[in-house]
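S.K.: how would this look folded up:
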Amino acid sequence: MRLFRRFIIAFISIVCVCNFNTLIAQIERPPNIVLIFIDDMGYSDIGPFGARDYPTPNLDRMATEGRRFTDFMVSAPVCSASRAALMTGTFHIRLGVHGAYSPKAKDGLNPREVTIAELCKQKGYATAIYGKWHLGHHPKFLPTSQGFDEYHGIPYSNDMWPWHPRYEGLATDDPKRREVYPDLPLVENDRVVDANVTGDDQKYLTRWASERAVDFIERKRNQPFFLYLPYSMVHVPLFASDAFLGKSGAGLFGDVVMELDHGIGTVFAALRENDLEDNTLVIFTSDNGPWVGYGDHAGSAGPYRESKQTSYDGGVRVPTLFWWPGKIPANTNCDELASTIDVFPTVAKLIGADLPQHKIDGKDIRALLFGEKGARSPHEFFPHYHHGELQAIRNDRWKLVFPHSYRSLNGRPGGKGGLPVKYDSNIAELALYDRANDPGEEINVIDQHPEVYAELLKAAKIFRKELGDKLTKTKGKGIRSVGKLGPNDKQLAW
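M.R.: Okay, here's the model as predicted:
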């Protein structure tokens, strides 16, 4: 009997120690980070932000279980500049990244910059990116040179290829097809695995990214991981796999969003099946507003003015969700100003990583994330730079727009069937908008609020001194150099 008792006591002790060690491991393990970045998705393109023409059940559930950010800004209303800011927590203009890199570009994100992936590597994270990179396509700029263990996807936008609908009717070998863009490559890590991505391939870009994301989660479930999912869609040209083609009842755009939602749903399912949901932060957002010139192949900015390539809210305010069960308050909204540049320092604080020695512009928004009582935006002012110009500046309520040129449809409908219409060239007037009462930025109240105008103008002068401004021919003292391809650097070949 005594021997039996000793056995039971020993067994219980072992179980307790094992459970305690498991508990300690769970407590000490930093959270997984999943960052989902959609291309050209407008503010109102998913259910939680107003879309009603097609279903997005997985993103609806993410919003119900998480937190919507309704005043979430990108650094720039265009691809590469926006992505550089997200990856580094720094205004794109400080980095020297302004527009969207083409296949002929010799520039890229400077390897001296620190990316979120490199931040996570400090703490032993596994890192992966599946989708569109667009921060330089030569090896020294590719994700595997910027902190990512794994990469699979296209190196820049999916319309940078010879098969745009504008070339319809031309022979496949007609040299006019390749006057602007070469064949679009598919890259794995640092090598081309498909030198000529076709339309049949593009149908599977969303599926491939989702499948690889699920596989990565399953392979890395026992260590902390950072998973970056910058999907190629809904950037034109639009493609959906046969399983979703024609299923939305809202045209090809609806089909594409449905497939994205489904793919994101498989990622959530993988987290749940591997018991990772309680220790994983998932972020969903977009790189800029919709490309409305494409009409029925573009999304919607909802109540906000203009679209991609403008500094009005339709170009820079994006649909954003944060999800972390038990940590982020479920089914709540945050209406405070926040930005993609805040992801970097917030992740650093969450995982205990050291910030880089050089200056970043993002702020820690954990208080907003976790719904702390009385939490306010850490941004007193937020500048809107585009093409090196300080086109606007805002605070929590007011937005001051400086005279500049921008493209607009001026109320005209966009194109059909994948072909765009031409934009008009507009000149923005010097204007002050009350964003609280005029979210569409329609009524100029600059004469009624001279004190607000003076306050924002003073803040703009400070940003110009630091970051420059082509509109006023000001050179900023805080600009860093962009990455350059040197004569001895290897080039991506396909």
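S.K.: and for the nearest residue to residue 158 once chain neighbours are set aside, the neighbour number?
M.R.: Nearest residue to residue 158, sequence neighbours excluded (CB to CB, 6 or more residues apart in numbering): residue 232, at 4.9 Å. All C-beta atoms are positioned from the backbone trio N, CA, C, and that covers glycine. Applying other CB atoms under 10 Å, we find 24 residues neighbouring residue 232.
S.K.: isn't residue 232 right up against residue 39?
M.R.: Yes. Using CB atoms under 8 Å, residue 232 is in contact with residue 39, at 6.1 Å.
S.K.: mutual contacts of those two, please.
M.R.: Common contact partners of residue 232 and residue 39 (CB atoms under 8 Å, 6 or more residues apart in numbering): 132, 157.
S.K.: tell me the SS of the residue nearest to residue 158?
M.R.: coil (DSSP: H, G, I helix; E, B strand; the rest coil).
S.K.: list the contacts of it.
M.R.: 39, 131, 132, 153, 154, 157, 158, 202, 205, 206, 209.
S.K.: the same query, at a cut-off of 6 Å, please.
M.R.: Taking CB atoms under 6 Å, 6 or more residues apart in numbering as the criterion, residue 232 is in contact with 131, 132, 154, 158, 205.
S.K.: can you check residue 320 too?
M.R.: Residue 320 neighbours (CB under 6 Å, 6+ apart): 69, 72, 285.
S.K.: does residue 35 touch residue 283 like I think?
M.R.: Yes. With contact defined as CB atoms under 6 Å, residue 35 reaches residue 283; the gap is 5.0 Å.
S.K.: which stretches of the stretch 1-150 of the chain have low pLDDT?
M.R.: Scanning the stretch 1-150 of the chain for pLDDT under 70 picks out the ranges 1-27.
S.K.: now the helices for it?
M.R.: 2-28, 57-65, 79-88, 92-95, 116-121 (DSSP state H, counting those that start in this stretch).
S.K.: which secondary structure elements does the second one sit against?
M.R.: Secondary structure elements in contact with helix 57-65, counted by 3 or more CB pairs under 6 Å, 6 or more residues apart in numbering; DSSP states H and E, are helix 251-273, strand 320-323.
S.K.: which is the next helix or strand following the shortest one?
M.R.: Spelled out, it's strand 320-323. Going down the chain from strand 320-323, the next helix or strand is strand 332-334, by DSSP states H and E.
S.K.: circling back: of the helices and strands packed on helix 57-65, which is nearest residue 412?
M.R.: Residue 412 lies closest to helix 251-273 among the helices and strands packed on helix 57-65, at 18.4 Å (CB to CB).
S.K.: are there helices or strands packed against the closest one, and which ones?
M.R.: Using 3+ CB pairs under 6 Å, 6+ apart: helix 251-273 touches helix 57-65, helix 205-219.
S.K.: dump these into JSON lines; add mean neighbour count and distance to residue 81 as well.
M.R.: Conversion of the helices and strands packed on helix 251-273 to JSON lines gives the following (neighbours: other CB atoms under 10 Å; distance: least, CB to CB, whole Å):
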{"stretch": "helix 57-65", "mean neighbour count": "19", "distance to residue 81": "25"}
{"stretch": "helix 205-219", "mean neighbour count": "20", "distance to residue 81": "22"}
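S.K.: which one, of the ones you listed, ends up nearest to residue 457?
M.R.: Of those, nearest to residue 457 by CB to CB is helix 57-65, at 37.5 Å.
S.K.: just the angle between the closest one and helix 251-273, please?
M.R.: Orientation check (axes from the mean of the first three to the mean of the last three CA atoms, to 10 degrees): helix 57-65 against helix 251-273 gives 60 degrees.
S.K.: list the contacts of helix 57-65.
M.R.: 46, 47, 48, 261, 264, 265, 321, 323, 330, 331.
S.K.: filter those down to just the buried residues.
M.R.: Among those, the ones that count as buried by 16 or more other CB atoms under 10 Å are 46, 47, 48, 261, 264, 265, 321, 323.
S.K.: quick one: neighbours of residue 76, just the number.
M.R.: Neighbours around residue 76, by other CB under 10 Å: 30.
S.K.: surely it meets residue 82?
M.R.: Yes. Contact criterion CB under 6 Å: residue 76 and residue 82 qualify, at 4.8 Å.
S.K.: check what pLDDT residue 163 gets.
M.R.: With respect to pLDDT, residue 163 scores 89.
S.K.: with adjacent residues omitted, what lies nearest to it?
M.R.: residue 199 (6.2 Å).
S.K.: give me the pLDDT value at that neighbour.
M.R.: So, for residue 199, pLDDT stands at 94.
S.K.: tell me the spacing between it and residue 241.
M.R.: With distances taken as CB to CB, to the nearest Å, residue 199 is found 12 Å from residue 241.
S.K.: one more: residue 457?
M.R.: 51 Å.
S.K.: can you check residue 67 too?
M.R.: For residue 67, the distance to residue 241 - CB to CB - is 31 Å.
S.K.: excluding chain neighbours, what is closest to the residue nearest to the spatial centre of the chain?
M.R.: Geometric centre of the chain, nearest residue: residue 37, 3.7 Å, by CA atoms, centre = their mean. Nearest non-adjacent residue to residue 37, counting by CB to CB, 6+ apart: residue 230, 4.1 Å away.
S.K.: how many neighbours does that neighbour have?
M.R.: 24.
S.K.: verify the stated contact: it with residue 132.
M.R.: Yes. Counting by CB under 6 Å, residue 230 touches residue 132, with 5.0 Å between them.
S.K.: which residues are in contact with the nearest residue to residue 491 once chain neighbours are set aside?
M.R.: Spatial nearest neighbour of residue 491, chain neighbours left out: residue 138 (5.2 Å); criterion: CB to CB, 6+ apart. When contacts are counted by CB under 6 Å, 6+ apart, residue 138 is found next to 485, 491, 492.
S.K.: and if we set it to 7 Å?
M.R.: 108, 485, 489, 491, 492 (CB atoms under 7 Å, 6 or more residues apart in numbering).
S.K.: repeat that for residue 221.
M.R.: 274, 276.
S.K.: wasn't it part of a strand?
M.R.: No. Using three-state DSSP, the secondary structure at residue 221 is coil, not a strand.
S.K.: show the pLDDT at it.
M.R.: Reported pLDDT for residue 221: 98.
S.K.: same check, this time on residue 176
M.R.: For residue 176, the model assigns a pLDDT of 88.
S.K.: so what's it closest to, chain neighbours aside?
M.R.: Among residues not flanking residue 176 along the chain, residue 170 sits closest, at 5.9 Å (CB to CB, 6+ apart).
S.K.: which element is that neighbour on?
M.R.: Applying DSSP H and E, one finds residue 170 in no helix or strand.
S.K.: tally of neighbours for it?
M.R.: 13.
S.K.: would CSV of the contacts of residue 232 with distance to residue 420 be doable?
M.R.: Listed next are the contacts of residue 232 as CSV, based on distance: CB to CB, whole Å:
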residue, distance to residue 420
131, 23
132, 20
154, 20
158, 15
205, 21
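S.K.: any chance of CSV for the contacts of helix 57-65, columns distance to residue 399?
M.R.: CSV is the format used below for these (distance: CB to CB, whole Å):
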residue, distance to residue 399
46, 24
47, 27
48, 24
261, 31
264, 31
265, 36
321, 24
323, 29
330, 31
331, 29
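S.K.: which of those residues sit farthest apart?
M.R.: 261 and 330 (19.2 Å).
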